[in-house]
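1. what follows is a predicted structure for the sequence shown.
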Amino acid sequence: MMDKVIISVAVTGSWTTRQHTPYVPLTPEEIAQHVVDSWREGAAIAHIHVRDDEGRPTSDPQRYARVRELVRAQGCDVVLNFTTGGGAGQASEEERLAPVRLRPEIASFDAGSLNFNDRVFVNSPQFLERLAQEMLTYGVKPEIECFDTGHIENARRLIDRGLIQPPFWFQLVLGVRGGAPATADQLVHMVRQLPPGAHWSVCAIGRHQLPMNLIALAMGGHVRTGLEDNVYYHYRVLAESNAQLVARLVRIARECGREIASPADVRALLQLTPQPDVLPS
């Protein structure tokens, strides 16, 4: 398993709009189909944001449940990762907790506050403690999203208190305005900060997405792609789907001698809590 690469796909996000690209999925039906298509190309984890009828970010648990229902109805066993970001702080803390109570196998855990483009994304110590406790209660694995080096230290303090349990799954998010830059030096530095034995993946914003994915592949890490982070396939050429972005990473990873992890591989590596909605592998 250590040589296999886990590919996550972030199909929608909370920022990408139809003004950015006509290809971003917004309805539960569109999101589910992009997830299934990406899984068929090799994505093992799908990171899910949902939108309301006007295309705005929402934490409505009914919409998350609907996406899950539609994905499983197609026989897709992808690992579902629900966001708790609430549109980078646009939702209340209570609203952000709602997806955790649906018991997804993984949920995002934004490990600190930061200037996020033109707003402040607040993740107070008190909220992070509560979020970690909720994930323990509902058997949800935190995807520890770190936008800067201090976020790793925030996570380590929660780990030391037993609020985040091993095996640890970190997503290093690079290139957000206000966060850590998307450079090789920064990635190496952040990986060195991680707890021993932690598993890690990289996502990067815009034009940094593919270069940082390639560096992570070479370092033995895991990768995230998708229209949440980058709408382009080539310079000024829009990606036509999330599956197209996944297929490219699958091809490159295999050229680098790394096989592609399946959802079953992810469940074994991260010791995910079995959920009743997951189909037998």
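-> Yep, that arrived. Numbering: from 1, shown residues only.
2. contact partners of stretch 133-142?
-> 97, 100-101, 103-109, 131-132, 163-165, 169, 270-273, 275 (C-beta atoms under 8 Å, 6 or more residues apart in numbering). For glycine as for every other residue, the C-beta is placed from the backbone atoms N, C-alpha and C.
3. can you list the residue ranges for helices in the stretch 1-150 of the chain?
-> 28-41, 61-73, 86-89, 93-97, 125-138, 149-160 (DSSP state H, counting those that start in this stretch).
4. which stretch in those has the least confidence?
-> Mean pLDDT per stretch puts helix 86-89 lowest among the helices of the stretch 1-150 of the chain, at a mean of 68.
5. filter the contacts of stretch 133-142 to the buried ones?
-> 97, 100, 103-109, 131-132, 163-164, 169, 270, 272, 275 (16 or more other C-beta atoms under 10 Å).
6. residue 205 contacts residue 182, correct?
-> Yes: using C-beta atoms under 8 Å, residue 205 makes contact with residue 182 at a distance of 6.9 Å.
7. ok, these two, which is more surrounded?
-> residue 182 (23 against 19; other C-beta atoms under 10 Å).
8. hang on, the more buried one in a helix?
-> No: Residue 182: not assigned to a helix; according to DSSP: H, G, I helix; E, B strand; the rest coil it is coil.
9. still on that earlier bit, tell me which of the helices of the stretch 1-150 of the chain sits nearest to residue 243.
-> Residue 243 lies closest, by C-beta to C-beta, to one member of the helices of the stretch 1-150 of the chain: helix 28-41, at 4.0 Å.
10. contacts for that closest one?
-> In this structure, residues lying in contact with helix 28-41 by C-beta under 8 Å, 6+ apart are 9, 11-12, 25, 43, 46, 48, 50, 63, 66-67, 70-71, 74, 76-78, 80, 226, 241-243, 246-247, 250, 263.
11. report the helix or strand with the lowest average pLDDT across this protein.
-> Least confident helix or strand, the chain: helix 86-89 with a mean of 68, by mean pLDDT, DSSP states H and E.
12. shared neighbours, residue 205 and residue 182?
-> 174, 175.
13. what's the closest non-adjacent residue to residue 179?
-> Spatial nearest neighbour of residue 179, excluding adjacent residues (C-beta to C-beta, 6 or more residues apart in numbering): residue 147 at 3.7 Å.
14. for the one you found, what are its contacts?
-> Listed by C-beta under 8 Å, 6+ apart, the contact set of residue 147 reads 110, 111, 112, 114, 116, 173, 176, 178, 179, 180.
15. quick one: the fifth one and residue 175 touch, right?
-> It refers to residue 116. No: applying C-beta under 8 Å as the test, residue 116 and residue 175 come out as separate, 11.9 Å apart.
16. look at those two and report which has more neighbours.
-> Taking neighbours as other C-beta under 10 Å, residue 116 and residue 175 compare with residue 175 leading, 22 against 19.
17. from the contacts of helix 28-41, which would you call buried?
-> For the contacts of helix 28-41, buried by 16+ other C-beta under 10 Å: 9, 11-12, 25, 43, 46, 48, 50, 63, 66-67, 70-71, 76-78, 80, 226, 241-243, 246-247, 250, 263.
18. what about those, which are in strands?
-> Among those, the ones falling in strands (DSSP state E) are 9, 46, 48, 50, 80.
19. can you map out the strands along the stretch 101-250 of the chain?
-> 106-110, 114-116, 119-121, 141-146, 169-174, 199-204, 222-225, 232-234, 237-238 (DSSP state E, counting those that start in this stretch).
20. dump the ones you listed to JSON lines, plus distance to residue 210 and mean pLDDT.
-> Below are the strands of the stretch 101-250 of the chain laid out as JSON lines (distance: least, C-beta to C-beta, whole Å; pLDDT from 0 to 100):
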{"stretch": "strand 106-110", "distance to residue 210": "22", "mean pLDDT": "98"}
{"stretch": "strand 114-116", "distance to residue 210": "22", "mean pLDDT": "91"}
{"stretch": "strand 119-121", "distance to residue 210": "25", "mean pLDDT": "89"}
{"stretch": "strand 141-146", "distance to residue 210": "20", "mean pLDDT": "98"}
{"stretch": "strand 169-174", "distance to residue 210": "12", "mean pLDDT": "98"}
{"stretch": "strand 199-204", "distance to residue 210": "8", "mean pLDDT": "98"}
{"stretch": "strand 222-225", "distance to residue 210": "8", "mean pLDDT": "98"}
{"stretch": "strand 232-234", "distance to residue 210": "9", "mean pLDDT": "96"}
{"stretch": "strand 237-238", "distance to residue 210": "13", "mean pLDDT": "98"}
